[in-house]
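**Student:** Need the 3D shape of this:
(chains A and B)
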Number of protein chains: 2
Amino acid sequence: MTEPERLRADAARNRAAILRATEELLARHHPQQISMEQVAAAAGVGKGTVFHRFGSRHGLMRALIQERAQDLEVAISTGPPPLGVGAPPRERLLAFLTAAVDLVARNKGLLAALGPEAPVTAAPDRQPREAHPVYRRWHGHLSDLVQQQRPDLDTDMLAHVLLATLHSEPILNALERGDGSRLDHTLRDVVTALMPDEDMRTGRF
Amino acid sequence: MTEPERLRADAARNRAAILRATEELLARHHPQQISMEQVAAAAGVGKGTVFHRFGSRHGLMRALIQERAQDLEVAISTGPPPLGVGAPPRERLLAFLTAAVDLVARNKGLLAALGPEAPVTAAPDRQPREAHPVYRRWHGHLSDLVQQQRPDLDTDMLAHVLLATLHSEPILNALERGDGSRLDHTLRDVVTALMPDEDMRTGRF
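**Tutor:** Numbering: from 1, shown residues only, chains lettered A, B, ... in the order given. Now for the predicted structure:
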């Protein structure tokens, strides 16, 4: 390995270690309770390295959620079914909701910290939540999948309704109490009621 | 009418006029764009009267939403079906959601302004949204009604899921664009899928 190659490998390893340490801290603390020093110590790197790579706590949180959202996106577009292409839309939708609930539950408060709700009290130049690239892609994926089986529904609004659960304060508080699987089950009840099993509908079972 | 009676009647009339004027202004403006002067002018009272009765714009908004929520509560507890007692749980639930969507759509941004989202950036002593009396009563009403027909569901979580739509930023923005009936229809699709018509289930039709 050449010197530049070793440096790049070190940088990638540090970056991964910092993001993993941040995620582990987020499982037990609010974003605002986590210091860059804690992250550095947990990742086994210097504090300067964390600041150098991510600029600020906010930058770190943003990088983490983008990385996790990107992992999910890769799983959707090129991964195996049921998240990826190849499963019926209803199964893909259920797998996506499970993964999204898990992502939000593991990064408690992170999405909320990045995109504060309360449109009327926010800075006037703040982007609305629906303009956030992650929100838009999740919304597009959900409405596409519903559309494939239930084109009669208002798939655009239904996708907003499903995603609303992932930034509702009472639900985020429930996730903090470990109720992620309750949310997952309830979303599953909603989706399976709206999208009956295709095999059952066509009598193929 | 005695002098004290006339004063009380005047006060009640002023209060109603101020709240009505506020609601009319809210149909076209964000809460933070509405001044006490505008409210006073629209209600045909002095600015001092508005301040005297409600203390601040925040106090005025709070009084308005409490009054509208109370109207809805009276309709639920003592009004005629389908909002009130006497209709099947599913019909009561649909009527309630229509009324709640209408209330939120008519008072755009008001609920969001009163209970800012973003738990992690809020003041630490702020009450969580689910502790707000209006949220708690709406949540209790929804979960009771679902419970009557679908005790097998996680009615507590499902009520949170339904209410999440009423404080989701993308959905509130859609309501601002006049999409209240789209939200109402989508919630209706969700509820009717989860709660099949009882007459159809029992073959009474």
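**Student:** where's the nearest residue to A:Asp184 once chain neighbours are set aside, which helix or strand?
**Tutor:** Excluding the flanking residues, the one nearest A:Asp184 by CB to CB, 6 or more residues apart in numbering or on different chains is A:Val101, at 4.8 Å. For glycine as for every other residue, the C-beta is placed from the backbone atoms N, C-alpha and C. Here A:Val101 sits within helix A:89-106, counting by DSSP states H and E.
**Student:** That helix: how far from the chain's middle?
**Tutor:** Distance of helix A:89-106 from the chain centroid (CA atoms, centre = their mean, to the nearest Å) equals 9 Å.
**Student:** Over to stretch A:176-183?
**Tutor:** Centre to centre, stretch against its chain (CA atoms, centre = their mean), the figure for stretch A:176-183 is 15 Å.
**Student:** Tell me the buried residues in it?
**Tutor:** Residues of stretch A:176-183 classed as buried by neighbour count (16 or more other CB atoms under 10 Å in any protein chain shown): A:179-180, A:182-183.
**Student:** residues touching the residue nearest to A:Val45 when sequence neighbours are not counted, list them.
**Tutor:** Nearest non-adjacent residue to A:Val45, counting by CB to CB, 6+ apart: A:Asn14, 5.3 Å away. A:Asn14 makes contact with A:43, A:45, A:49, A:53, according to CB atoms under 8 Å, 6 or more residues apart in numbering or on different chains.
**Student:** For the first one, give me the pLDDT.
**Tutor:** So the one you mean is A:Ala43. Among the per-residue scores, A:Ala43 shows a pLDDT of 96.
**Student:** give me the number of residues near it?
**Tutor:** Number of residues near A:Ala43 (other CB atoms under 10 Å in any protein chain shown) recorded here: 21.
**Student:** and A:Ala100, how many residues sit next to it?
**Tutor:** Neighbours of A:Ala100 (other CB under 10 Å): 22.
**Student:** That one against A:Trp138, yeah?
**Tutor:** Yes. With contact defined as CB atoms under 8 Å, A:Ala100 counts as touching A:Trp138 (6.6 Å).
**Student:** if we can go back for a sec, per-residue confidence at the residue nearest to A:Val45?
**Tutor:** 93.
**Student:** what bits of chain A have low per-residue confidence?
**Tutor:** Applying pLDDT under 70 to chain A flags the ranges A:108-127, A:198-205.
**Student:** which residues in it form helices?
**Tutor:** Assigned by DSSP state H, chain A shows helices spanning A:3-26, A:36-43, A:47-54, A:57-78, A:89-106, A:110-114, A:133-149, A:155-164, A:169-176, A:180-194, A:198-201.
**Student:** in the second one, what counts as buried?
**Tutor:** This means helix A:36-43. A:36, A:38-40, A:42-43.
**Student:** can you check stretch A:145-162 too?
**Tutor:** A:145-147, A:149-150, A:153-162.
**Student:** and it, how far out from the chain's middle?
**Tutor:** 20 Å.
**Student:** ok and the helix holding A:Val101 relative to helix A:155-164, angle-wise?
**Tutor:** 30 degrees (axes from the mean of the first three to the mean of the last three CA atoms, to 10 degrees).
**Student:** what angle separates helix A:89-106 from helix A:57-78?
**Tutor:** For helix A:89-106 against helix A:57-78, the angle by the same axes, to 10 degrees is 160 degrees.
**Student:** Pull helix A:89-106 out as CSV, backbone CA atoms only.
**Tutor:** Only the C-alpha atoms of helix A:89-106 are listed here, as CSV (Å, rounded to 0.1, in the frame of the first residue of the first chain):
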residue,chain,number,x,y,z
PRO,A,89,-45.2,-3.7,-4.1
ARG,A,90,-47.0,-4.4,-0.9
GLU,A,91,-44.0,-6.5,0.4
ARG,A,92,-41.5,-3.8,-0.7
LEU,A,93,-43.6,-1.2,1.0
LEU,A,94,-43.8,-3.1,4.3
ALA,A,95,-40.0,-3.8,4.2
PHE,A,96,-39.3,-0.1,3.5
LEU,A,97,-41.5,1.0,6.4
THR,A,98,-39.8,-1.4,8.8
ALA,A,99,-36.4,-0.2,7.7
ALA,A,100,-37.4,3.5,7.9
VAL,A,101,-38.9,3.0,11.4
ASP,A,102,-35.7,1.3,12.5
LEU,A,103,-33.6,4.1,11.0
VAL,A,104,-35.6,6.7,12.8
ALA,A,105,-35.7,4.7,16.1
ARG,A,106,-31.9,4.1,16.0
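**Student:** What helices and strands are in contact with that helix?
**Tutor:** For helix A:89-106, the packing partners by 3 or more CB pairs under 8 Å, 6 or more residues apart in numbering or on different chains; DSSP states H and E come out as helix A:57-78, helix A:133-149, helix A:169-176, helix A:180-194.
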